[in-house]
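Trainee: next comes the sequence, and after it the predicted model I'd like to discuss.
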Amino acid sequence: MNRQSRYRLGALAAVVILAGAATLISNKFLISTDSPADGTAAYTEFANSASHVKASLARTGKDSVITLHIGRDWHVNANPASLGNLIPSTVLIDRNGEERTVQANYPAGVSSGITIDDTDILVYEDGTRIPVDQLTIEAGDRLVVRVQACNDLGICLAPAVIPVNEEPA
């Protein structure tokens, strides 16, 4: 390999390393916002967990159930989280940026098949239901869920606070 080829290869490797480091530092991943006919994709937004997780609420009086709708090949951390540095899925009431926790009956997580430091990582998958007894939402309150989505390859996105949309009665 000649000197010019080694220089180009080294420069390319440096660009890849710097791009990877920037992604890890910012804890954000790019998502495609369109797919032109030629198969290329334009990347104009940063993905976070809201890209793969939605939530809905069904009520029966003051008793409610939140259902997590999680994209294929994705999951979120259970509550409690398996390790202290993982972000548990948490039901919250948001009022003008002030968050307070809701007393939810978090179900047991299921094994993700991922083990870190001899700990089986427990997660919630699509369709997980979180019962909430005696839920009171006042005018100006917004019911939300904080989640961190990870895919089956172990890539985790930035956490997100997502709205819980009420299902029609």
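Mentor: That came through, no problem.
Trainee: so which helix or strand takes in the closest residue to residue 125 other than its chain neighbours?
Mentor: Excluding the flanking residues, the one nearest residue 125 by CB to CB, 6 or more residues apart in numbering is residue 75, at 5.2 Å. All C-beta spots, glycine's among them, are computed from the backbone N, C-alpha and C. If you go by DSSP states H and E, residue 75 is part of strand 74-77.
Trainee: in its sheet, what does that strand sit against?
Mentor: strand 119-124 (antiparallel), strand 149-151 (antiparallel) (DSSP bridges).
Trainee: what mean pLDDT does it get?
Mentor: The average of the pLDDT scores along strand 74-77 is 96.
Trainee: tell me how far it lies from the chain's centre.
Mentor: 7 Å (CA atoms, centre = their mean, to the nearest Å).
Trainee: and stretch 117-124, by the same measure?
Mentor: Using CA atoms, centre = their mean, the offset of stretch 117-124 from its chain centre is 16 Å.
Trainee: which parts of it are buried?
Mentor: By neighbour count on 16 or more other CB atoms under 10 Å, the buried set for stretch 117-124 is 121-124.
Trainee: ok, now stretch 96-107?
Mentor: So stretch 96-107, judged by 16+ other CB under 10 Å, has buried residues 102, 104, 106.
Trainee: kindly report the same for stretch 142-161.
Mentor: 143-150, 156-161.
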